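Participant: okay, predicted coordinates and the sequence, questions at the end:
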Amino acid sequence: MPAENVAGHVPDTAGQNGLVIAGSGMAGHALVRQLRRRDSSLPITMVTADGGEMYSKPRLSVALAEGKRSGELVQMEGGAVAEKFGLSLRSHTRILGVNLQKKHLATNQGNIPFDTLVLALGASPVRLPIADQAPGRVFSVNSLEDYRRWREVLRPGIRVLLIGAGLIGCEFADDLITYGASVELVEPASWPLGRLLPRQLGESLASELGQRGARLHLNRTVAELRPEGSTVRVKLDNGRMLRVDLVLTSVGLQPNTPLALAAGLRVNRGIVVDRQLRTSHPQVYAIGDCAETPGGVLPFVMPLMAQATCLAGVLTGESCRLEYAAMPVTVKTSSLPLVILPPAPHEKGEWRIDGEGKNQAAIFSAPDGAPLGFALTGESTSQWRRLAKTMPSLLPA
């Protein structure tokens, strides 16, 4: 795609490099909105490998059922973003490195200097080595361009092997079923959303997906993919053979950290930041799916919005310290509506479950009875606001 640079109405700031935001996903756009609420003249440059479009990434896993093409998911084109928010957009610009000594980004369009840098680099799908066995047949969907490619090869009735029954995998399964695809869902855990749901609720979700036509292969992994003509032959670890047309992987996200690591910034699972979203370099910050705050790496919308609000305050001179309230996650599965607030992985306790069938409420409590998390299905999801108020903050003040 040819290079395209779009400049919005930026105030005359000759000699000022200002703020550079590396990335134009939801985190980058959320930060720009919050900044402009506080400061209309701060020089902002956004650097992105794509067109800088504003769109809702969570909609990618439900767009098929809604009958949406990729262009219909765009809320605002890059040029309109630059115009509305008064920023310089360096679109279709690939970042090659971060030079902290000289304070510039090295890109395929030349160097871009900065006074302050915000890394909003997002995360990439975990890649399965087995994908190499069926080149051109294995997809993952994590961006608007990914969705465009995926949408182009689909048709009702197509047979899809979906690897992974985590949160996004279950949403894709539901979406594909509604679209009219035939779904073979492979998951190594004993029930869908195994890390988030107690068994009883997970089995209810499996039952509902199965009743709508998905074939679930639980406690299973894919041992081999073999292209045969226009199809792919799939061998599971128990020897069972399946035949599909396409493969979609959804086994998690990996924060995009190589640029930060190469620049010498502190990296753990994500780019390590403090409660002001500052990295190990005083003029560099990180936000969104690439950032690891004291609350961990949280690739969800509510933490991202909290980060954007806090960081905008920090960058405009306010006193701010990142806080996370209890933040439930809505799972977009029409087969069985779900709202989940999982307990922290280190917490000890047990689930107590009320209700049956599609309408269940599970509360996870510590040994002393303190509530630490919940999972709600069907009509019970109406309780989530009330229950969230009883839960501990994820990152207290």
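Facilitator: Good, I have the coordinates.

Participant: hey, which helix is longest across the chain?
Facilitator: As assigned by DSSP state H, the longest helix anywhere in the chain is helix 301-315.

Participant: what about the strands in the stretch 151-300 of the chain?
Facilitator: Secondary structure of the stretch 151-300 of the chain by DSSP state E, counting those that start in this stretch: the strands cover 159-163, 182-187, 215-218, 222-228, 231-236, 241-244, 246-249, 253-255, 271-272, 284-286, 291-292.

Participant: what's the average pLDDT for the longest one?
Facilitator: Right, strand 222-228. What strand 222-228 shows for mean pLDDT is 97.

Participant: out of the strands of the stretch 151-300 of the chain, which gets nearest to R37?
Facilitator: Evaluated with Cβ to Cβ, those place strand 284-286 nearest to R37, the distance being 17.8 Å. Where C-beta positions appear, they are placed from N, C-alpha and C, glycine not excepted.

Participant: quick one: low-confidence parts of the chain?
Facilitator: For the chain, the stretches flagged by pLDDT under 70 are 1-16.

Participant: the same query, at a cut-off of 50, please.
Facilitator: Scanning the chain for pLDDT under 50 picks out 1-15.

Participant: center of it, which residue is that?
Facilitator: P299 (4.9 Å; Cα atoms, centre = their mean).

Participant: contacting residues for that residue?
Facilitator: Residues in contact with P299 (Cβ atoms under 8 Å, 6 or more residues apart in numbering) are 123, 253, 289.

Participant: so how many other residues sit close to the nearest residue to it once chain neighbours are set aside?
Facilitator: Using Cβ to Cβ, 6 or more residues apart in numbering and skipping residues adjacent in sequence, the residue nearest P299 is D289, 4.5 Å away. Per other Cβ atoms under 10 Å, the neighbour tally for D289 reads 27.

Participant: isn't D289 up against P255?
Facilitator: Yes - contact criterion Cβ atoms under 8 Å: D289 and P255 qualify, at 6.0 Å.

Participant: show me what counts as buried in stretch 345-356.
Facilitator: Using 16 or more other Cβ atoms under 10 Å as the test for burial, stretch 345-356 gives 349, 351, 355.

Participant: isn't the last one right next to Q383, touching?
Facilitator: So that's G355. No - G355 lies out of contact with Q383 (Cβ under 8 Å); the separation is 10.5 Å.

Participant: outside of stretch 115-124, which residues touch it?
Facilitator: 16-25, 27-28, 31, 98, 103, 105, 142, 253-257, 259-260, 271, 279, 283-291, 299, 311, 315.

Participant: again, 7 Å this time
Facilitator: With contact meaning Cβ atoms under 7 Å, 6 or more residues apart in numbering, stretch 115-124 is reached by 17-23, 25, 27-28, 31, 142, 253-256, 259-260, 271, 283-290, 299, 315.

Participant: narrow the residues you listed to just the buried residues.
Facilitator: Taking 16+ other Cβ under 10 Å as the criterion, what is buried in the contacts of stretch 115-124 is 17-23, 25, 27-28, 31, 142, 253, 255-256, 259-260, 271, 284-290, 299, 315.

Participant: next, count neighbours for Q211.
Facilitator: If you count neighbours by other Cβ under 10 Å, Q211 ends up with 10.

Participant: mind exporting the longest helix of the chain as PDB, just the C-alpha atoms?
Facilitator: Output in PDB follows, covering the C-alpha atoms of helix 301-315 (Å, rounded to 0.1, in the frame of the first residue of the first chain):
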ATOM      1  CA  VAL A 301     -11.500  -2.100  27.000                       C
ATOM      2  CA  MET A 302     -12.100  -0.900  30.600                       C
ATOM      3  CA  PRO A 303      -8.500  -1.000  31.700                       C
ATOM      4  CA  LEU A 304      -7.400   0.700  28.500                       C
ATOM      5  CA  MET A 305      -9.900   3.600  29.100                       C
ATOM      6  CA  ALA A 306      -8.700   4.000  32.600                       C
ATOM      7  CA  GLN A 307      -5.100   4.100  31.400                       C
ATOM      8  CA  ALA A 308      -5.900   6.700  28.700                       C
ATOM      9  CA  THR A 309      -7.600   9.000  31.300                       C
ATOM     10  CA  CYS A 310      -4.800   8.800  33.700                       C
ATOM     11  CA  LEU A 311      -2.000   9.200  31.100                       C
ATOM     12  CA  ALA A 312      -3.700  12.200  29.500                       C
ATOM     13  CA  GLY A 313      -3.700  13.800  33.000                       C
ATOM     14  CA  VAL A 314       0.000  13.000  33.500                       C
ATOM     15  CA  LEU A 315       1.000  14.400  30.100                       C
END
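
Participant: so which elements touch it?
Facilitator: Contact partners of helix 301-315 among helices and strands, from 3 or more Cβ pairs under 7 Å, 6 or more residues apart in numbering; DSSP states H and E: helix 26-38.

Participant: so how far is stretch 241-260 off the chain centroid?
Facilitator: Centroid separation between stretch 241-260 and its chain, computed with Cα atoms, centre = their mean, to the nearest Å, is 13 Å.

Participant: pull out the buried positions in that stretch.
Facilitator: Within stretch 241-260, the residues that count as buried by 16+ other Cβ under 10 Å are 242, 244-251, 253, 255-257, 259-260.

Participant: ok, now stretch 234-243?
Facilitator: Within stretch 234-243, the residues that qualify as buried are 234, 236, 242, counting by 16+ other Cβ under 10 Å.

Participant: looking at these, which is nearest T333?
Facilitator: Distance to T333 across those (Cβ to Cβ) is lowest for L242, with 22.7 Å.

Participant: check contacts around the residue lying closest to that closest one once chain neighbours are set aside.
Facilitator: With sequence-adjacent residues excluded and distances taken as Cβ to Cβ, 6+ apart, L242 is closest to V234, at 4.1 Å. For V234, the contacting residues are 161, 222, 225, 241-242, 244, by Cβ under 7 Å, 6+ apart.

Participant: so what's the spatially closest residue to Q211 that is not a sequence neighbour up against?
Facilitator: Counting by Cβ to Cβ, 6+ apart, Q211 lies nearest to S335, which is 7.9 Å off, once chain neighbours are set aside. By Cβ under 7 Å, 6+ apart, the contact list for S335 reads 174, 208-209, 212.
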